[in-house]
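[1] Whatever this is, show me its structure:
(2 chains)
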Number of protein chains: 2
Amino acid sequence: MNRKGILFVVSGPSGVGKGTLREKLMETPLDGLIYSISATTRKPRSGEVDGRDYFFSDVKTFESLIAADELLEWALVYNNYYGTPKRFVFNNLEKGIDVLLEIDIQGALKVKSLIPDGVFVFVLPPSLEELGKRLNTRGKDSPTEIERRLACYEDEISYIGNYDYVVVNDNVLEAAEKIRAIIIAERCSAKRL
Amino acid sequence: MNRKGILFVVSGPSGVGKGTLREKLMETPLDGLIYSISATTRKPRSGEVDGRDYFFSDVKTFESLIAADELLEWALVYNNYYGTPKRFVFNNLEKGIDVLLEIDIQGALKVKSLIPDGVFVFVLPPSLEELGKRLNTRGKDSPTEIERRLACYEDEISYIGNYDYVVVNDNVLEAAEKIRAIIIAERCSAKRL
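    Coordinates of the predicted model:
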């Protein structure tokens, strides 16, 4: 059977914990599922490995990828570029391998316009208060930035109608299990046969 | 949140092992999921308990259930009636409890016409040969009856387009895990929010 791979997109507001969820999910790999590594111009942090955590790139190379339409989606965040290499995703889907993306909401909407038969999972925080707490705890962002992100939240939530599934990230283990269940279930979906 | 329960229907050709699958699934119960017990006029087999395995009933009572439109679906099999009591299903769905049915294909099509937003899972044998082997091994049916069932198979398969999911029952444990994943995933479905 010449099965095409399925694209799974895990997305949600900043601070909701989608990176942790993705890591938890990939700890017990699923047969036939591969994680799509992002390209970035940000410098590697200690312990990060090129080709495992990110494809590290200089600005010139990254901008040539944009110019050549080699990215499924990209964004400039704090003067660093982040993007999803198109070829990696399409090559794997063509080979029948499912691909997992973990990206922000703007990126997910872009990907949906290009790959509408992907499976889009929106990760929700248990509450807005909890999201604020998490953004504070991880200590990545200034109070102003946290304020800005929380202000975006209501706007971001309004895109939920573009998604196929909603997973509340109340408990990382349970939420990761739900994403795993979504992957297994979609593989049994009659409409894909 | 006033969530309505979801109806899950596990169905497939005779001999495909849907009963075993359902038992395997219910061995580790899922929170908020209840199995809908069928009513039957067949005599209890040794070890079977009324209200657990079946609601055992006499013919007169069963026929009065049919007359009063109290059954979601029913069938006469080898001079025994089998059917799904409507009230049990609807009461639980109303209370927000998910309900699992395990029924034949004709019954599933009937239920779909009444509850179109249910989730319908078609259980497939690994192959027609394997189905024949299973029907022979379980020793319930005469060779003529097995012949007849296998002849129906192609016709039954043609209804697969009415179903949401297809699970191949190659390995009982894996197939039961797939049905469990379908239940968990459907609970996260955005269209149900």
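[2] what does chain A put close to chain B?
    Taking Cβ under 8 Å from any Cβ of the partner chain as the contact definition, chain A meets chain B at A:121-122, A:160-161, A:163-167, A:177-178, A:180-186, A:188-191, A:193. All C-beta spots, glycine's among them, are computed from the backbone N, C-alpha and C.
[3] Out of the residues you listed, list just those in helices.
    A:177-178, A:180-186 (DSSP state H).
[4] re earlier: selecting buried members of the residues of chain A next to chain B in ChimeraX, what would you type?
    Applying 16 or more other Cβ atoms under 10 Å in any protein chain shown to the residues of chain A next to chain B leaves a buried subset, and the ChimeraX line that selects it is:
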select /A:121,122,163,164,165,166,167,177,178,180,181,182,183,184,185,186,188,189
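[5] Next, the distance between the ends of stretch A:186-193.
    11 Å (Cα to Cα, to the nearest Å).
[6] Now do the SS call for A:Leu76.
    Classification of A:Leu76 using DSSP: H, G, I helix; E, B strand; the rest coil returns strand.
[7] any idea how far it is from A:Thr40?
    Distance of A:Leu76 to A:Thr40, given as Cβ to Cβ, to the nearest Å: 11 Å.
[8] Which residues are in contact with each of those two?
    Common contact partners of A:Leu76 and A:Thr40 (Cβ atoms under 8 Å, 6 or more residues apart in numbering or on different chains): A:Tyr82.
[9] Which one's more surrounded, those two?
    A:Thr40 (20 against 11; other Cβ atoms under 10 Å in any protein chain shown).
[10] List the contacts of that one.
    Contact analysis of A:Thr40 by Cβ under 8 Å, 6+ apart lists A:54-57, A:62, A:80-83.
[11] Give me the distance between it and chain B.
    With distances taken as Cβ to the nearest Cβ, to the nearest Å, A:Thr40 is found 30 Å from chain B.
[12] what about A:Lys24, neighbour count?
    If you count neighbours by other Cβ under 10 Å, A:Lys24 ends up with 17.
[13] Hmm, A:Ala176 and it touching each other?
    Yes - using Cβ atoms under 8 Å, A:Lys24 is in contact with A:Ala176, at 4.0 Å.
[14] how about the contacts of A:Thr40 in CSV, adding neighbour count, distance to B:Ile34 and secondary structure?
    Shown next, in CSV, are these (neighbours: other Cβ atoms under 10 Å in any protein chain shown; distance: Cβ to Cβ, whole Å; DSSP: H, G, I helix; E, B strand; the rest coil):
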residue, neighbour count, distance to B:Ile34, secondary structure
A:Tyr54, 18, 47, strand
A:Phe55, 17, 49, strand
A:Phe56, 17, 52, strand
A:Ser57, 19, 54, coil
A:Phe62, 23, 54, helix
A:Asn80, 13, 51, strand
A:Tyr81, 22, 51, strand
A:Tyr82, 21, 46, strand
A:Gly83, 23, 47, strand
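[15] between those residues, which is nearest B:Ser127?
    A:Phe55 (43.6 Å; Cβ to Cβ).
[16] Bridged to the closest one, which residues?
    On the basis of DSSP bridges, A:Phe55 is bridged to A:Ala39.
[17] Now do the contacts for it.
    Applying Cβ under 8 Å, 6+ apart, the residues contacting A:Phe55 are A:37-40, A:85.
[18] now for those, which pair is the farthest apart?
    Between any two of those, the greatest separation by Cβ to Cβ is 10.9 Å, found for A:Thr40 and A:Pro85.
[19] for A:Glu102, what are its contacts?
    By Cβ under 8 Å, 6+ apart, the contact set of A:Glu102 is A:9-11, A:18-19, A:21-22, A:35.
[20] Just the ones of these in helices?
    The helices, defined by DSSP H, take in A:18-19, A:21-22 from the contacts of A:Glu102.
[21] Counting neighbours, which of these end up buried?
    Buried subset of the ones in helices among the contacts of A:Glu102 (neighbour count, 16+ other Cβ under 10 Å): A:18, A:21-22.
[22] my read: A:Cys188 touches B:Val167, true?
    Yes - applying Cβ under 8 Å as the test, A:Cys188 and B:Val167 come out as touching, 5.4 Å apart.
[23] Name the residues contacting each of these two.
    Shared contacts of A:Cys188 and B:Val167, counting by Cβ under 8 Å, 6+ apart, come down to B:121, B:178, B:182.
[24] out of the residues you listed, which one sits closest to chain A?
    Each of those was scored against chain A by Cβ to the nearest Cβ, and B:Ile182 proved nearest at 4.4 Å.
[25] which ones are touching the closest one?
    Contacts here follow Cβ under 8 Å, 6+ apart; on that basis B:Ile182 touches A:181, A:184-185, A:188, B:8, B:119, B:121, B:165, B:167.
[26] and of those residues, the nearest to B:Asp50?
    For the contacts of B:Ile182, the residue nearest B:Asp50 by Cβ to Cβ is B:Phe8; the value is 24.0 Å.
[27] I'd assumed B:Asp98 was in contact with the closest one.
    Yes - here B:Phe8 lies in contact with B:Asp98, judged by Cβ under 8 Å, at a distance of 6.4 Å.
[28] I am finished for the moment; much appreciated.
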